[in-house]
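J.: A structural model of the following input is requested.
(one chain, ligands or ions: 1)
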Amino acid sequence: MRKKALLALEDGRVFQGTAFGHDGTTTGEVCFNTSMTGYQEILTDPSYRGQIVTMTYPQIGNYGITAEDSESAQPHVRGFVVGELCDVPSSWRSTQSLSDYLAEHKVLGIDDIDTRALTKHLRSAGAMRSCLTTELSEEEAVKAAQASDSMLGADFVKEVTTDKTYHWDGESRPWTIPSVSQSIEGNYLPLSEAKYKIVAYDFGIKRNILRRLRQEGFDVTVVPATTSASDVLAMSPDGVFLSNGPGDPASLDYVHKEVRELIGRTPLFGICLGHQLLTHACGGKTYKLKFGHRGGNQPVQDLRTGKVEITAQNHGFATDGENLPPDTEVTHINLNDQTVEGTRSTKDPVFSVQHHPEAAPGPNDSKEFFVDFAKMIEGSR
Ligand SMILES: NC(=O)CC[C@H](N)C(=O)O
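T.: Sure, this is the predicted structure:
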């Protein structure tokens, strides 16, 4: 028999459900993701550090867990909220059920709750602090949510960045899912020659970003978030990549400073947190979105061509388009709410996107940004 669990929000709303995975008590910002597949990549995306993630897709767990689909070495969410847990995986690749995986990593899950009601509430009231528990009463859980830390001002990068510099070994893998009739090995993309030596800052980097960079001809050395600009420049890179990552981009002054020093001295490309850090480094601002963009169906328009791409997203903060840094052009917007999705420098070889061209999970419409980075490096030689 599974235990009872509850999810309490800081505004007093409580959802009763059933526990899976680990039990106990956890707190974190509760947010929702509208992806229909890809729960494993979402659980292991370091950008979700500190958050309790709700999946809007009604049944989760049906294809289990497959080690090679993880975006990092472990799950990062503080809790996982689903409508209906499927605990009998049906996939020839699966080696573990979702609940066993979360139990192994001590992550609390809850199902049997109305995720549609929860999501509609978060859409109108905004993402908020919450408590997921198998131990506390409703009143105690609401108080625990109210006493927990806010996502505003949070630096989770220090918890997820690499502690050592390393060279990405060039593991290749298709960024499209292999067909069931082919073996995974047989379907790996051949690696192209590594033409550009780049340094990638790890603020919580996803493996598929490393794979996509390598696939497009980048030889990647990954460095900790605290690496100085001078140490990076001493490695004589052809360009520098700024990764995705968790928490509030405004809290990372120690990174803004170093990125500022890199601008104009090497080509730069940033994704998600990396994009927001470029905004700060150039003197702009970010702000917290009401409930964020998390899912695989976010429409993004390139303002220069009019072209629309359906993108994968996972962010709770955004670049403030009203207070843009000098020499910065907005290249992309989100067509749902007109927020900034991409910028470039009109002076230096620097561009960045708020969404996730590496997908994992999500559509591959934006895959060309990795090619654009190579072109920018070529053009600035
Ligand atoms: N995926 C990311 O890099 C997220 C960036 C940042 N933590 C945000 O929520 O906006």
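J.: give me phi/psi at residue 70?
T.: phi -70, psi 140 (degrees, to the nearest 10).
J.: what number of residues lie near it?
T.: Around residue 70 there are 18 other residues, counting by other Cβ atoms under 10 Å. For glycine as for every other residue, the C-beta is placed from the backbone atoms N, C-alpha and C.
J.: That one contacts residue 39, doesn't it?
T.: No: using Cβ atoms under 8 Å, residue 70 is not in contact with residue 39; the gap is 11.4 Å.
J.: Residues contacting the lowest-mean-pLDDT helix or strand in the chain, please?
T.: One helix or strand of the chain scores below all others by mean pLDDT, DSSP states H and E: helix 207-215, with a mean of 92. Helix 207-215 is touched from outside by 41, 70-72, 168, 170-173, 175, 189, 191-192, 194, 198, 200, 220, 222, 241, 243-244, 271, 357-360, 367, 370, 373, with contacts defined as Cβ atoms under 8 Å, 6 or more residues apart in numbering.
J.: which of the residues you listed come close to the ligand?
T.: residue 244 (Cβ under 6 Å from any ligand atom).
J.: If burial is judged by neighbour count, which of the contacts of helix 207-215 pass?
T.: 41, 70-72, 168, 173, 175, 194, 198, 200, 220, 222, 241, 243-244, 271, 357-360, 367, 370, 373 (16 or more other Cβ atoms under 10 Å).
J.: any idea which element residue 29 lies in?
T.: strand 25-33 (DSSP states H and E).
J.: can you give me the offset of the helix or strand following that strand from its chain's centre?
T.: Scanning forward in sequence from strand 25-33 by DSSP H and E, the next helix or strand is helix 39-43. What separates the centre of helix 39-43 from the centre of its chain is 10 Å, taken as Cα atoms, centre = their mean, to the nearest Å.
J.: so what does helix 39-43 touch, helix or strand wise?
T.: When contacts are defined as 3 or more Cβ pairs under 8 Å, 6 or more residues apart in numbering; DSSP states H and E, helix 39-43 packs onto strand 51-55, helix 98-104.
J.: Report the rounded mean pLDDT for that helix.
T.: On average, the pLDDT along helix 39-43 is 98.
J.: Can you pull out the residues in contact with that helix?
T.: With Cβ under 8 Å, 6+ apart as the criterion, helix 39-43 contacts 33, 35, 48, 53, 55, 60-61, 65-66, 69-71, 75-77, 80, 98, 101-102, 107, 206, 208, 314, 360-361.
J.: give me that answer again for 6 Å
T.: 33, 60, 65, 69, 71, 75, 77, 360, 361 (Cβ atoms under 6 Å, 6 or more residues apart in numbering).
J.: and which of those residues is nearest residue 216?
T.: residue 360 (15.1 Å; Cβ to Cβ).
J.: Three-state assignment for that closest one, please.
T.: coil (DSSP: H, G, I helix; E, B strand; the rest coil).
J.: which stretch of helix or strand covers residue 120?
T.: helix 115-125.
J.: okay, now residue 107: neighbour count?
T.: Residue 107: 23 neighbours (other Cβ under 10 Å).
J.: Repeat that for residue 143.
T.: 15.
J.: That one: helix or strand, and which one exactly?
T.: Going by DSSP H and E, residue 143 is part of helix 138-147.
J.: same question, residue 370
T.: Assigned by DSSP H and E, residue 370 falls in helix 369-379.
J.: What residues of the longest strand along the chain count as buried?
T.: Determined from DSSP state E, the single longest strand within the chain is strand 286-302. By 16+ other Cβ under 10 Å, the buried positions in strand 286-302 come out as 286, 288, 289, 291, 292, 293, 294, 295, 296, 298, 300, 301.
J.: Helix 115-125 and that one, what's the angle between them?
T.: Counting by axes from the mean of the first three to the mean of the last three Cα atoms, to 10 degrees, strand 286-302 lies at 110 degrees to helix 115-125.
J.: Okay, now the sheet partners of strand 286-302, with direction.
T.: In the sheet, strand 286-302 lines up against strand 308-319 (antiparallel), strand 328-334 (antiparallel) (DSSP bridges).
J.: Can you flag which of the contacts of helix 207-215 belong to strands?
T.: 198, 200, 220, 222, 241, 271.
J.: Reformat these as CSV; add pLDDT.
T.: Formatted as CSV, the ones in strands among the contacts of helix 207-215 follow (pLDDT from 0 to 100):
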residue, pLDDT
198, 98
200, 98
220, 97
222, 98
241, 98
271, 98
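J.: which among the residues you listed gets closest to the ligand?
T.: Of all the ones in strands among the contacts of helix 207-215, residue 271 has the smallest distance to the ligand: 6.9 Å, by Cβ to the nearest ligand atom.
J.: ok now do the closest residue in space to that closest one that isn't next to it in sequence, which residues does it touch?
T.: Closest residue in space to residue 271, ignoring its immediate chain neighbours: residue 244 at 5.3 Å, by Cβ to Cβ, 6 or more residues apart in numbering. Neighbouring residues of residue 244 by Cβ under 6 Å, 6+ apart: 47, 271, 272, 273.
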